[in-house]
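Student: need a structure here:
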Amino acid sequence: METTRPRRSIKGQLIVAASSTVLVGTMALLGAAPAKATDFRCTQSQLQINCGVIYNTSGASIRIATNFSPTYGSDVGTVSGFTATLGGTQNSNSFKDGSGRFYDWDAVYVPPRHCLTMNVGPGLASTVQYRNTRTTGVWYKVNNVGANVRGLRSC
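Tutor: Predicted coordinates:
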């Protein structure tokens with residue numbers, strides 16, 4: 001008696017492949033793309049490629065930084081390099097180094113017991129909310145595409 005194994009159809013393989021692609025794409029949109037941990041500077045032509053530009057339409061000033069390093073593989077970590085305060089209607093392109101190059105922004109600071117809402121990913125099409133319930137402030141990473149900070153409030 002010969003046994004036969006059911007064959008997976010091409011349609012089934014395509015659905016599995018498409019589902020994997022959507023999952024990876026969704027992770028990238030939600031900020032899963034790693035922030036550069038180097039002191040990268042950007043030229044005007046690089047701004048739309050992988051240079052983290054941060055827009056702040058929240059109305060509140062926020063702190064931003066370069067050189068994010070994750071703590072234990074999470075979105076929370078430490079920063080080194082350049083930090084700045086971004087006003088409520090500013091974008092990070094207002095900060096340049098002595099050679100006129102833009103900074104590649106990698107992190108935003110969320111004060112103690114505050115929530116920060118951002119749009120991230122390609123076209124800034126996905127919404128992410130960082131909720132800091134700690135008694136100390138926390139740096140959260142921003143993916144290499146950048147972000148639009150929409151809100152900062154007590155939570």
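Student: so what touches the strand ranked longest in the chain?
Tutor: Longest strand in the chain by number of residues, with DSSP state E as the criterion: strand 146-154. Strand 146-154 is contacted from outside by 51-58, 60, 62, 86, 92, 105, 108, 110-111, 113-120, 124, 127-128, using C-beta atoms under 8 Å, 6 or more residues apart in numbering. In this view, the C-beta of every residue, glycine as well, is placed from N, C-alpha and C.
Student: what lines up beside it in the sheet?
Tutor: Partners of strand 146-154 in the sheet, by DSSP bridges, are strand 53-56 (parallel), strand 114-120 (antiparallel).
Student: turn the ones you listed into a markdown table, columns for mean neighbour count.
Tutor: Shown next, in a markdown table, are those (neighbours: other C-beta atoms under 10 Å):
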| stretch | mean neighbour count |
| --- | --- |
| strand 53-56 | 22 |
| strand 114-120 | 21 |
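Student: do you know how far P70 is from V79?
Tutor: Relative to V79, P70 is positioned 11 Å away (C-beta to C-beta, to the nearest Å).
Student: neighbour count for these two, which is higher?
Tutor: Ranked by neighbour count (other C-beta atoms under 10 Å), P70 and V79 place V79 first, with 21 against 17.
Student: got a pLDDT number for the more buried one?
Tutor: Here, the pLDDT recorded for V79 equals 92.
Student: this structure: helices as residue ranges?
Tutor: Shown for the chain, the helices assigned by DSSP state H span residues 10-27.
Student: point to the helix or strand of it where mean pLDDT is at its lowest.
Tutor: helix 10-27 (a mean of 37; mean pLDDT, DSSP states H and E).
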